[in-house]
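In: My questions concern the predicted model and sequence given below.
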Amino acid sequence: MTKTTPKANWYEDFFSGAALELWRRAIPQDTTDQEIGFLVETLAAPAGGNILDLPCGNGRLSLPLALAGYKVTGVDFSAEFIEEAKQAVVDHKAKPSYLREDVRKFTSTKKFDGAFCMGNSFGYFDRAGTVEFFHAVSKCLKKGARFVIDSAMAAECFLVNGGEREWVQLGDMFMLIENKYDCRHSCVETDYTFIQNGKEEKRHAVHWIYTAGEIGHMLSQANFVVSDMYSSTEFDEFTLGSDRLLLVAEKV
């Protein structure tokens, strides 16, 4: 029996409507504050330095970093989130630059002092796409600049902790998560059902699952070396069964 190849471009029609509304509610402000502190320390960019946020979503991290004095460029494929991010900065003097673009295709004549991929947004691409993404980031960074990757879908996390079926409630919104792991392609296919006020929306997503070592190998192909791996913004050690991987790489 032939196994169907996972839909590589699933994200093109995922990030709209209920999926974005749930994401807006999912992360409390104190978590964002902790992540900002972690990024400032690990990126170690100079005051007023240029930082790249990709994908940036609705600017949850871009805007606070801009308000802290950094020059931030955010890149995301979601037109709805990019527009929301642009609207959020209207009343602020510090204004990140937001671009709607595939992060694998992003180019810039500007050289950045640091970059990050937060919010569990890593793993959207297959191996070739991931290496392409890493090369795009590398080309935009100065030598010695750091790149932070955040993922709860690393193999050491998901294959230990991930479940097949889970209900999540945020206020009056419910989400059903149904996971199916594809051993042939090393990815998890997820069907989401969002329910709010009697209305239902469905989405399908794919996350490719990589070990921390495999991520490091792909990064090395784009002139990065892994310097640290943590399991939290408190700098706890990353081990088998950690809930989260926060990987810090440096361009060489």
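Out: Done, it's in.

In: Export only the CA atoms of stretch 185-194, formatted as PDB.
Out: Listed next in PDB are the C-alpha coordinates belonging to stretch 185-194 (Å, rounded to 0.1, in the frame of the first residue of the first chain):
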ATOM      1  CA  HIS A 185       8.200  10.500   6.700                       C
ATOM      2  CA  SER A 186       9.000  11.200  10.400                       C
ATOM      3  CA  CYS A 187       6.300  13.700  10.800                       C
ATOM      4  CA  VAL A 188       3.100  14.200  12.800                       C
ATOM      5  CA  GLU A 189      -0.100  15.000  10.900                       C
ATOM      6  CA  THR A 190      -2.600  16.900  13.100                       C
ATOM      7  CA  ASP A 191      -6.300  17.500  12.600                       C
ATOM      8  CA  TYR A 192      -7.600  20.500  14.600                       C
ATOM      9  CA  THR A 193     -11.200  21.200  15.300                       C
ATOM     10  CA  PHE A 194     -12.000  24.700  16.700                       C
END
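
In: Would you mark the buried spots in it?
Out: Using 16 or more other Cβ atoms under 10 Å as the test for burial, stretch 185-194 gives 185, 186, 187, 188, 189, 190, 192, 194. Yep, even glycine has a C-beta here, placed from its N, CA and C like the rest.

In: among the residues you listed, which two are most distant?
Out: The distance between the two most remote of the buried residues of stretch 185-194 (Cβ to Cβ) is 26.9 Å, for 186 and 194.

In: Help me confirm that residue 37 is found in a strand?
Out: No - counting by DSSP: H, G, I helix; E, B strand; the rest coil, residue 37 is located in no strand; its state is helix.

In: Quick check: the gap between it and residue 226.
Out: Per Cβ to Cβ, to the nearest Å, residue 37 is found 21 Å from residue 226.

In: Which of the two has more residues huddled nearby?
Out: Neighbours per residue, other Cβ atoms under 10 Å: of residue 37 and residue 226, the larger number sits with residue 226, 18 against 13.

In: Which of the helices or strands spans that one?
Out: strand 224-230 (DSSP states H and E).

In: could you point out which element follows that strand?
Out: Next element after strand 224-230 (DSSP H and E): strand 245-251.

In: any residues touching that following strand, and which ones?
Out: Applying Cβ atoms under 8 Å, 6 or more residues apart in numbering, the contact partners of strand 245-251 are 38, 42, 138, 141-152, 154, 156-157, 212, 215-216, 219, 223-233, 238.

In: CA atoms only for that strand - export them in PDB, please.
Out: The C-alpha coordinates for strand 245-251 follow below in PDB (Å, rounded to 0.1, in the frame of the first residue of the first chain):
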ATOM      1  CA  LEU A 245      13.800  22.700  23.000                       C
ATOM      2  CA  LEU A 246      15.400  26.200  23.000                       C
ATOM      3  CA  LEU A 247      18.400  25.800  20.800                       C
ATOM      4  CA  VAL A 248      21.000  28.600  20.400                       C
ATOM      5  CA  ALA A 249      23.200  28.500  17.300                       C
ATOM      6  CA  GLU A 250      26.000  30.900  16.100                       C
ATOM      7  CA  LYS A 251      26.900  31.800  12.600                       C
END
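
In: ok, how many other residues are close to the residue nearest to residue 234 when sequence neighbours are not counted?
Out: Excluding the flanking residues, the one nearest residue 234 by Cβ to Cβ, 6 or more residues apart in numbering is residue 34, at 7.9 Å. Other residues near residue 34 come to 14 when the count uses other Cβ under 10 Å.

In: pretty sure residue 34 is touching residue 233, no?
Out: Yes - at 4.4 Å, residue 34 counts as touching residue 233 under the criterion of Cβ atoms under 8 Å.

In: Do you have the strands of the stretch 51-200 of the chain handy? List them.
Out: 71-76, 97-100, 112-117, 141-151, 165-170, 173-182, 187-196, 199-208 (DSSP state E, counting those that start in this stretch).
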